[in-house]
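here's my sequence, what's the structure:
(one chain, ligands or ions: 1)
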Amino acid sequence: MAVVELHHVFKRYPQGHEALRDINLTLEAGEMAFLTGHSGAGKSTLLKLIALMERPSQGQMFVAGRNVTKIRRRQIPFLRRRVGVIFQDHRLLFDRDVYTNVALPLIIAGFRHQEVGRRVRAALDMVGLLDKERRYPITLSGGEAQRVGIARAVVNKPDLLLADEPTGNLDPALSREIMGLFEQFNQVGVATLIASHDLDLIGQLGRRTLSLREGRLLGERAEVPA
Ligand SMILES: Nc1ncnc2c1ncn2[C@@H]1O[C@H](COP(=O)(O)OP(=O)(O)OP(=O)(O)O)[C@@H](O)[C@H]1O
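Numbers count the residues shown, from 1 in each chain. Down below sits the predicted model:
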């Protein structure tokens, strides 16, 4: 089953810039793939469409088995729970501790207190930050802050993880570590699409790689067995 399907998708921003042109793409459930391309190629735009943060101008889109092409605004939060999103700047709330940052998606979704605690600790354990739940983001290293962002993205047990340059601010060793975490989540069945400029790191991981150039998807590089 496909977790993402795009058919002839175009995105034109209100000012008239055509950021994506005729995108056809399928990501299977449990698949892991990378998205590369020059600055301005449309990587963030493609992730935002799949995350339902932007709307396509044309074409058809399916996410988590639903036709989302014309999804109503009030239905979006329900579908967003199936999709975890990670940003380069992690977008943590600086006036809340690690625990609360990770708990927020669950609190918004109306989970009971006990279930929130159980799930938050499981997510923090997976990213190796169980001992830092009372820390504030300002006291964390860049790699730790990014791991909190990942814990927040997986705490709802999504079908799909989207990450936009998740290692953009990290050194090579930390970047490798963060990619290792994505591989771990992928191994338990979470489909993962990661936008990255880091061709060396992507090359090492030997996964399906999608390339954008000026809003168009180019031919794919095949998956190399590990
Ligand atoms: N909200 C917006 N309004 C208008 N134009 C936009 C908007 N967001 C992006 N664009 C334009 O769409 C094009 C694609 O941008 P996008 O951010 O998707 O590229 P990218 O590949 O993620 O680039 P980068 O690697 O620099 O983040 C660019 O020309 C950009 O200027």
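
show me what counts as buried in stretch 98-116.
By neighbour count with 16 or more other C-beta atoms under 10 Å, stretch 98-116 contains the buried residues 98, 99, 100, 101, 102, 103, 104, 105, 106, 111, 116. The C-beta positions use only the backbone N, C-alpha and C, and glycine is treated the same way.

next SSE downstream of the least confident helix or strand in the chain by mean pLDDT?
Using mean pLDDT, DSSP states H and E, helix 76-80 stands out as the lowest-scoring helix or strand of the chain, at a mean of 88. Once the chain leaves helix 76-80, the next helix or strand it forms, by DSSP states H and E, is strand 83-87.

identify the residues contacting that next one?
Here strand 83-87 makes contact (C-beta atoms under 8 Å, 6 or more residues apart in numbering) with 47, 50-53, 63-64, 146, 149-150, 152-154, 156, 158-166, 190.

cutoff 7 Å now
With contact meaning C-beta atoms under 7 Å, 6 or more residues apart in numbering, strand 83-87 is reached by 51, 63, 149-150, 153-154, 156, 158, 160-164, 166.

just curious, which of the residues you listed is nearest to the ligand?
residue 164 (7.1 Å; C-beta to the nearest ligand atom).

just grab the bridge partners of the closest one for me.
residue 87, residue 195 (DSSP bridges).

measure it to residue 44 for me?
Taking C-beta to C-beta, to the nearest Å as the measure, residue 164 falls 5 Å from residue 44.

related to what we said a few turns ago, the contacts of strand 83-87 in helices, which ones?
When DSSP state H is applied, the contacts of strand 83-87 are split such that 149, 150, 153, 154 fall in helices.

find the nearest non-adjacent residue to residue 12, please.
Leaving out its chain neighbours, the residue that sits closest to residue 12 by C-beta to C-beta, 6 or more residues apart in numbering is residue 57, at 4.5 Å.

okay, now that neighbour: neighbour count?
15 (other C-beta atoms under 10 Å).

from the ligand, how far off is it?
12 Å (C-beta to the nearest ligand atom, to the nearest Å).

show me what contacts that residue?
Counting by C-beta under 7 Å, 6+ apart, the residues that residue 57 touches are 10, 11, 12.
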